[in-house]
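J.: with the sequence up front, the predicted model follows.
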Amino acid sequence: VAVKSKKKVPYTKEELRLMVEHSTGWFKLYLTLVFSTGLRIGEAIGLQWEDIDLNNGFIDLKRSISKGVIVDATDETNKTKNHQRIIPLDNTLKKELANYFMDRPDDTWVFVNKYGNHFGDSKTLNVYYWKPLLAKLDIEDRTMYATRHTFVTLMKNNGADTAWLKSVIGHKQSSTVLDDVYFTHKSSAKDIKLANNFFHIISADSEKVC
């Protein structure tokens, strides 16, 4: 009997706002990041400060971390995921990153565990931060990975170009999800403006960014 994959359901704008508002410290920054960029969990925990250009407002993504192993451009085992791409930063996220960096200027990794190193996988985040937060807010746990689907859904609902969005979330040529087309990052003033104003467009009283 064939097993059908369960449809991934994104979080609502209100749930997103609640999660960010009621989180603190580095985990608040983590949620601000993943919700507004569509980064995979492994890509977020694999982010280094040198990958972030705050002046020009983008991430030059270079790696991901899976089961404690750093996956970068030299890895040839994953044919469907592109972990090297350019990702625009939301304006709110830029400020949060700049403020956070001021307190940790000597760190290599953006998100550092209690041992001063990067996280090896999502387990610690999920057990000690993600699940307790959702339980506190009485929000259904649709997995931490659904933050990525939330980004895609909200960007699409606000008019983001499909090809541009696919390049930002990162898939490779062999991915049937993207109709076997590899989309490289191309500048789109409208789409970049949407990404730069992600938290503005989801705010309760905001107007659609054009």
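T.: Okay, I see it.

J.: residue contacts, Arg63?
T.: Contact criterion Cβ atoms under 8 Å, 6 or more residues apart in numbering gives 43, 46, 48, 70-72, 83-84 as the residues in contact with Arg63. Heads up, the C-betas are built off the backbone N, CA and C, glycines and all.

J.: let me see the ranges of the helices in the protein.
T.: Here the chain has its helices, by DSSP state H, at 13-21, 25-37, 41-45, 91-103, 123-125, 131-137, 146-157, 162-169, 189-196, 198-201.

J.: least reliable of these by average pLDDT, please.
T.: Note on the helices of the chain: helix 162-169 shows the lowest mean pLDDT, a mean of 86.

J.: now do that helix: distance to the chain's middle.
T.: Between the mean C-alpha point of helix 162-169 and the mean C-alpha point of its chain there is a distance of 13 Å (Cα atoms, centre = their mean, to the nearest Å).

J.: that one: which residues count as buried?
T.: Along helix 162-169, the positions that meet the burial threshold by neighbour count (16 or more other Cβ atoms under 10 Å) are 164-169.

J.: which one of those residues is nearest Phe151?
T.: Nearest to Phe151 among these, counting by Cβ to Cβ, is Ile169 at 7.6 Å.

J.: which residues touch the closest one?
T.: The contact partners of Ile169, taken as Cβ under 8 Å, 6+ apart, are 38, 148, 151-152.

J.: out of these, grab the one that's most surrounded.
T.: In terms of neighbours by other Cβ atoms under 10 Å, the contacts of Ile169 top out with Phe151 at 25 neighbours.

J.: grab the nearest non-local neighbour of that residue.
T.: For Phe151, ignoring the flanking residues on the chain, the nearest one in space by Cβ to Cβ, 6 or more residues apart in numbering is Gly38 at 3.8 Å.

J.: surely that neighbour touches Val168?
T.: Yes. Look at Gly38 against Val168 with Cβ atoms under 8 Å: they come within range, at 6.4 Å.

J.: all set now, cheers.
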